[in-house]
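>>> sequence first, then the predicted structure, then my questions.
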Amino acid sequence: MTNAWTDIKNTDLVVVMGGNAAEAHPCGFKWVTEAKAHRGAKLIVVDPRYTRTASVSDVYAPIRQGSDITFLNAVINYCIQNDKVQWEYTKAYTNAAFIVKEGFGYADGLFSGYDEEKRDYDRSSWDYEFGEDGFAKVDPTLQHPRCVWNLLKAHVAAYTPELVERICGTPRQKFLQIAGMIAECSSPTKTMTSMYALGWTQHSHGAQNIRAMAMLQLILGNIGVRGGGMNALRGHSNIQGLTDLGLMSHLLTGYLNMPTEKEVDYKTYMASRQFRPLRPGQTSYWQNYSKFMVSFQKAMWGDAATAENDWCYHYLSKLDVPAYDILRMFELMNQGKVNGYICQGFNPLLAFPNRGKVAAGLARLKFLITMDPLETETARFWENHGDFNDVDTKAIQTEVFQLPTVCFAEDQGSLTNSGRWLQWFWPAATPPGEAKADTWIMAQIFLRMRELYRKEGGAFPDPILNLSWQYHNPGEPEPEELAKEINGRALTDLRDPADPSRILVEAGKQVVNFSQLRDDGSTMSGCWIYSGCFNEAGNNMARRDNHDPDNTGAHPNWTFAWPLNRRTLYNRASADLDGKPWDPSRKLLEWDGAKWVGYDVPDIAPTAKPRDVMPFIMNQEGVSRLFARGMLRDGPFPAHMEPFESPIANPFNPKMRGNPVGRIFESDVAQFGTSEEFPYAATSYRLTEHFHYWTKHNRVNAALQPEFFVELSEELAREKGIAGGSWVRVWSKRGSVRAKAVVTKRIRPLICDGKTVHVIGIPLHWGFVGAARKGFGPNSLSPFVGEANIETPGYKAFLVNIEPSTAPRGGVVA
Amino acid sequence: MSMANGPDSPRTAVSNPPVQPMASNLGAGDLIRRSATSDLPPPTRQLTPVAKLIDVSKCIGCKACQSACIEWNDTLPAVGENVGVYENPHDLTENMFTLMRFTEWVNPATDSLEWLIRKDGCMHCADPGCLKACPAPGAIVQYSNGIVDFIHENCIGCGYCVKGCPFNIPRISKADHRSYKCTLCSDRVAVGQGPACAKACPTQAIVFGTKEDMKKHAEGRIADLKSRGYSQAGLYDPPGVGGTHVMYVLHHADKPQIYAGLPENPSISPLVQSWKGVTKYVGMAAMSMLAVGSVIHGVFGRANRVSREEEEEAERLVEQGDETPPHDPRERRP
Amino acid sequence: MNMELSRRGFMKAAGAGVAATSLGAMGFGGAEAAVIAHVRPMKLASTTETRNTCTYCSVACGIIMYSKGDVRKGERAELVHVEGDADHPTNLGTLCPKGAALKDFVRAETRLRQPMHRRPGSDRFEPISWDAALDRIARLMKDDRDANFLASNADGVPVNRWATTGMLAASATTNETAWATFKVAKTLGIVGFDNQARV
């Protein structure tokens, strides 16, 4: 989230699209109801289903899953056509005026540079024109035919209300009503917030869904302001934290990147990370990259990391592919190339797409280790449960370890919420039986392996032997020790460069925040963006002052928000070029003639003069990007793409299937179905009574929503002879499930491209262990498709068939 | 904020419950009615009437109220099955005192779908049909703050409260043959807290406070709904039962029936009113058994449901009755 | 005494005009009535309060956990109730249907209590000690790493990849656990490393 949950109360218009906030985040959704009750805000819901969020909306519009880009591009077009643009913001704070290279183009659903053979783009034409001074060329008058604004205008011109009706199935009048409401938020004194979740990310074009809304928010001037922003409603309690800390194949901590094979040494790695400003005077904060990188390397390998060995650069793995993401790992497992797998608090048998492939992959492992507070289907993937897990137990040669861990109630530490607040919590209960903390288990595995490497030697033991592991009890590092390490400290006295007699931080003391980190080996910090969380002032994540001066929703002394306790990202953009708030009643920051003052920590230097430094300091341009250059693999502008399995052909290019650069493996191509064989458009989602596959272990939640079901319209139920509460079979090219039918008015057939499209909804909370009835998940049906940029599996739009059926074999009562 | 353990009723459910031992603020001196009891002494003080207000237009049907209710009351409904609807359990039970009821309603005026979600449960009537029907002395009581509570130790499981309730709320346990329903979290209110459901409710569609405050709060909500085109928005506080201590804000207050059959004008059936004379005797008999030390419930072999036959017999007895029910001055309402 | 008493029986008795006596006449005065007309005792009395954060979604609602016993005093503690923290700025004391039932997650019958081991081809889990499990795991991992570690690629560039063992990290663990996990996984060279960010 760019903003905080509590900030949503400041909005005038909430658009929930690509998510279902009331259902999946009820207590966050509270702030929508607050905005409605106290500001008269309106709520718009656009979703294939009339959801619980829709039940309290002012306007609901149906949309076919996977067609959001068309809808959003059409809203952008509507705003441009009707002159509903926050011009001052758009001209000053976006790259609208930047001039794009000659050669960039878009035709037949594809951008310039497409290579069908490689299923990839040559992105060299997707860039600015640069002057001899090295800066990007701009035309502040927006007259240049190749300035971003004119290219955008041309790009979205095709997206008319008629096209929305044709592709999305949204009635034209409904679209126009919504576009009109959104367009009103181009006023500097009206803001709109976007609340989205996996309904946008889990498509082969997920990043572009989000970009389309971000671009709309930018031309409306709604980024960086109170009640505005792009608000990703993240799923797990610490998914933000684990992403921030880089527990991913392609990341290091704080959004530093894992090196690739092409980055043969540290110098080469850093060469592409100079982040030279593309406009005069801009901050381009990533110019500090090396300070964060070296401090990270010092946190990892301590004294072993020296300038001479490039701070142990070669201890880091170098990637040969963009990422060894989950889909790639299960593909490799199926190829017999993976032997061991550790699932810490993870249930891939139910969580990953194409369950048949996932189960086959697990069965080829030599060993599987699960660490969890609860039973999981994954730990018991080898156990036969009739139709619910029909495996040949004897044939599965995988050795499995099921390790019991503590859960939150018995643990302590910090979790990072969607709004980037790091909140510390304390333990309240004794762990059951022999359950152990994850830190203990990880430390025990590490110490044992280190000991083996010490004794026996082996493959490249250096990073293992030299890993910094200086904890009071090496067998179980304490949360506070780890938190201090994340914050970082001075390794030698840090002297003021302006006055070397002055010591800023004594050796051994915590740094105040990342502004004190250096790239000469004198500092260490596990994760630079978290620096400031635990400094010499103490554990700032444990702060519990809930005061909120002037009720802005900022709560500045409540725990700690990264970066630097900043509550709203891009907050400089809440004021105009001269530093006056766009909306005085919703002031965040203002320029008092000498410095920035207000309710939040400014995201530009506190004394940076208003017209000099632009708000988007993490971008080399200093402004935000309506045109993404070559940063996304599937285009600098969002363009309509169909799901890989779609009920209709792409009207821009009927030959194009899915995202032209979406990541698919050769072995999965044969498992895509067509609309002839599988006529119905399926989507998957959460229900409010459950959390993933956890709460089915909880008898209360199991009682509130006991059994797997699918939802379908009254029209389709009539056509197929399906009665509510009866058994149905739903199948795709990849698998089959049996479920109870919920026949509802909340799903209605859509007319897309002249064709009736029936939507089938498949919630995801059931499995074969726990207190609820045994059931299936949508992952038995969903395809093995990766998002073009980040390889997120596409769970939200695929094709199925349905028929009346009977109860599954194996008994539904667990 | 709440007046933790103060002398009067709590004003909100938004507070953290105390953990220090505290005396109950709801005692015998706060009773204004007691089932099958004619000589209840007058209350020693008048507590400010409380109410729970359920704004159906803010409700997202998340069932947090059900969950919080189960947890607070230590009930545990059985894991059922899906029968094609979102209601789970499928009805109120002795282990589920409140239930979200979902109605898919196409508004004929706009032709658009509205998903009406109503939290069902005890309305805590000012004129409680359950209490009036109850033949067991002290099995149902009413406090001066408006809470109608079941005292299970005194319940004989006859099911008259079910018949007497215009909202069809109480449920008889098959396990212990006693009647159960929402207590308005009397144990929480007694220590200055609001009900568990109102505290949990994510959108604060359920709020709690004095009845007067809740009516004022409702006015604001109704004005907001009217501004959004719900011209018939209004408060549900039915006069037929003397008003209720659980009230609804409805977007279509002219049509309560569309909210899963919310009665348009609920009242206590005249039959139940006239049972009173009989039940008084019954109550005496029950108490006499308690007096000799029997624990009635331990010895019942079956549920004591009201059968059709029994009802007919009751009617006959009432018709023949030569006793005039004693007049209770507290029955008279201003 | 008739143990088959039912309402029916009562009705008959009433109809027969059994002599009615008032409570008072039977010796039950106001004090006794008060005992009977009680509300349930406050169940949180004398419990230990602990501030925590809901483990489910990333709204991260503040919760108060009520326990019998106090782990911070080194006592055994049993969780008896969970409620939203009214002082928390985001949730203001509210909880969703999952958060409100957190106690039954912590105390679920399917909570794991001891390490278990499944041998290849077996149809059951068998208990294993922590030491035996960890020793075996370290051995399996080291053997796999030593056998399959790719120190450098065809061009002689050090690549240090261990791609034959992967790890999924839990997105409900703390930042501190995540950092410890990160250090171990990355230093071992595990590239198939992921979390729930995408799923």
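Thanks, I have it. Residues are numbered from 1 along each chain as shown, chains lettered A, B, ... in the order given.

>>> run through chain C and note the low-pLDDT ranges.
Chain C contains residues with pLDDT under 70 at C:1-37.

>>> domains of it?
C:48-106, C:115-145, C:149-199 (automatic domain parsing).

>>> turn these into JSON lines, columns for mean neighbour count.
Heads up, the C-betas are built off the backbone N, CA and C, glycines and all. Shown next, in JSON lines, are the domains of chain C (neighbours: other CB atoms under 10 Å in any protein chain shown):
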{"stretch": "domain C:48-106", "mean neighbour count": "24"}
{"stretch": "domain C:115-145", "mean neighbour count": "17"}
{"stretch": "domain C:149-199", "mean neighbour count": "24"}
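
>>> need the ones you listed in CSV with distance to chain B, can you?
Listed next are those as CSV, based on distance: least, CB to the nearest CB, whole Å:
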stretch, distance to chain B
domain C:48-106, 4
domain C:115-145, 24
domain C:149-199, 19
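
>>> so where do the strands sit in chain C?
Per DSSP state E, chain C carries strands over the ranges C:48-53, C:62-68, C:78-84, C:116-118, C:126-127, C:150-152, C:158-161, C:165-168, C:193-194.

>>> I should have written the stretch 1-150 of chain B there, sorry.
B:31-34, B:50-55, B:99-106, B:113-120, B:140-143, B:148-150 (DSSP state E, counting those that start in this stretch).

>>> with mean pLDDT and distance to chain A added, can I get those in JSON lines?
Formatted as JSON lines, the strands of the stretch 1-150 of chain B follow (pLDDT from 0 to 100; distance: least, CB to the nearest CB, whole Å):
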{"stretch": "strand B:31-34", "mean pLDDT": "96", "distance to chain A": "33"}
{"stretch": "strand B:50-55", "mean pLDDT": "98", "distance to chain A": "9"}
{"stretch": "strand B:99-106", "mean pLDDT": "98", "distance to chain A": "4"}
{"stretch": "strand B:113-120", "mean pLDDT": "98", "distance to chain A": "4"}
{"stretch": "strand B:140-143", "mean pLDDT": "97", "distance to chain A": "27"}
{"stretch": "strand B:148-150", "mean pLDDT": "97", "distance to chain A": "22"}
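
>>> reformat those as CSV; add distance to chain C.
Below are the strands of the stretch 1-150 of chain B laid out as CSV (distance: least, CB to the nearest CB, whole Å):
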stretch, distance to chain C
strand B:31-34, 6
strand B:50-55, 14
strand B:99-106, 10
strand B:113-120, 12
strand B:140-143, 5
strand B:148-150, 7
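
>>> tabulate the ones you listed in TSV, adding columns for mean neighbour count and distance to B:Gly157.
Putting the strands of the stretch 1-150 of chain B into TSV (neighbours: other CB atoms under 10 Å in any protein chain shown; distance: least, CB to CB, whole Å) gives the following:
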stretch	mean neighbour count	distance to B:Gly157
strand B:31-34	22	18
strand B:50-55	28	27
strand B:99-106	18	21
strand B:113-120	22	22
strand B:140-143	29	13
strand B:148-150	26	11
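
>>> residues contacting A:Gln287?
A:274-277 (CB atoms under 8 Å, 6 or more residues apart in numbering or on different chains).

>>> and what about the closest residue to A:Val75 other than its chain neighbours, helix, strand or coil?
Leaving aside its chain neighbours, A:Val75 sits nearest to A:Ala179 (5.0 Å; criterion: CB to CB, 6 or more residues apart in numbering or on different chains). What DSSP: H, G, I helix; E, B strand; the rest coil gives for A:Ala179 is helix.

>>> hmm, A:Ala179 is touching A:Ile80, no?
No: in this structure, A:Ala179 is not within contact of A:Ile80 by CB atoms under 8 Å, at 11.3 Å.

>>> and these two? Which one has more around it.
Shown here are A:Ala179 and A:Ile80; by other CB atoms under 10 Å in any protein chain shown, A:Ala179 has more neighbours (21 against 17).

>>> what sits against the more buried one?
A:74-75, A:78-79, A:161.

>>> could you do A:Asp265 as well?
Contact partners of A:Asp265, counting by CB under 8 Å, 6+ apart, are A:310, A:313.

>>> next, give phi and psi for it.
phi -150, psi 170 (degrees, to the nearest 10).

>>> same question, A:Met449
Here is the backbone geometry of A:Met449 (degrees, to the nearest 10): phi -70, psi -40.

>>> just give me the neighbour total for it.
Residues near A:Met449, counting by other CB under 10 Å: 23.

>>> got a list of what A:Gly109 touches?
By CB under 8 Å, 6+ apart, the contact set of A:Gly109 is A:639-641, A:650, A:652-653, A:656, A:660.

>>> quick one on the thing from earlier: got CSV for the strands of chain C, with distance to A:Val391 too?
Supplementary listing: the strands of chain C in CSV, determined by distance: least, CB to CB, whole Å:
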stretch, distance to A:Val391
strand C:48-53, 37
strand C:62-68, 39
strand C:78-84, 36
strand C:116-118, 13
strand C:126-127, 19
strand C:150-152, 32
strand C:158-161, 31
strand C:165-168, 21
strand C:193-194, 24
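
>>> what's the helix or strand for the closest residue to chain B within the stretch 551-700 of chain A?
Distances between the stretch 551-700 of chain A and chain B by CB to the nearest CB are smallest at A:Thr688, namely 4.4 Å. Of the helices and strands defined by DSSP states H and E, none includes A:Thr688.

>>> between the domains of chain C, which one is nearest to chain A?
domain C:149-199 (2.5 Å).

>>> centre of chain A to the edge, which residue is at the far end?
A:Ser501 (45.8 Å; CA atoms, centre = their mean).

>>> that residue falls within a strand, correct?
Yes: using three-state DSSP, the assignment for A:Ser501 is a strand.

>>> that one - nearest residue in space that isn't next to it in sequence?
A:Arg495 (7.7 Å).

>>> just give me the neighbour total for B:Asn107.
Neighbour count of B:Asn107, defined by other CB under 10 Å: 14.

>>> my bad, A:Tyr599
Using other CB under 10 Å as the criterion, A:Tyr599 is surrounded by 21 other residues.

>>> and A:Ile80, how far from A:Arg211?
Distance, A:Ile80 to A:Arg211, using CB to CB, to the nearest Å: 17 Å.

>>> ugh, wrong one, I meant C:Asp131
51 Å.

>>> equivalent analysis for A:Arg729, please.
From A:Arg729 to A:Arg211 the distance is 38 Å (CB to CB).

>>> same thing with B:Leu40?
According to CB to CB, B:Leu40 stands 70 Å off from A:Arg211.

>>> so between the two, which is more surrounded?
Counted by other CB under 10 Å, B:Leu40 and A:Arg211 do not tie: A:Arg211 has more neighbours, with 25 against 22.

>>> stretch C:52-70 and chain A in contact?
Yes: Stretch C:52-70 reaches chain A (CB under 8 Å from any CB of the partner chain) through C:52-62, C:65-67, C:69.

>>> can you pull the contacts of the spatially most central residue of chain B?
Nearest residue to the geometric centre of chain B (CA atoms, centre = their mean): B:Cys122, 2.5 Å. Neighbour list for B:Cys122: B:97, B:148, B:167, B:169-170, B:181-182, B:184, B:246 [criterion: CB under 8 Å, 6+ apart].

>>> which ones among those residues are found in strands?
Per DSSP E, the contacts of B:Cys122 map to strands at B:148, B:246.

>>> out of the contacts of B:Cys122, which comes closest to chain A?
Nearest to chain A among those, with distances taken as CB to the nearest CB, is B:Phe97, at 13.2 Å.

>>> on the three-state scheme, A:Arg738 is what?
strand.

>>> excluding chain neighbours, what is closest to it?
In space, A:Arg738 is closest to A:Pro808, 4.3 Å off (CB to CB, 6+ apart).

>>> next one: that neighbour relative to A:Lys30, how far apart?
Relative to A:Lys30, and taking CB to CB, A:Pro808 is found at 39 Å.
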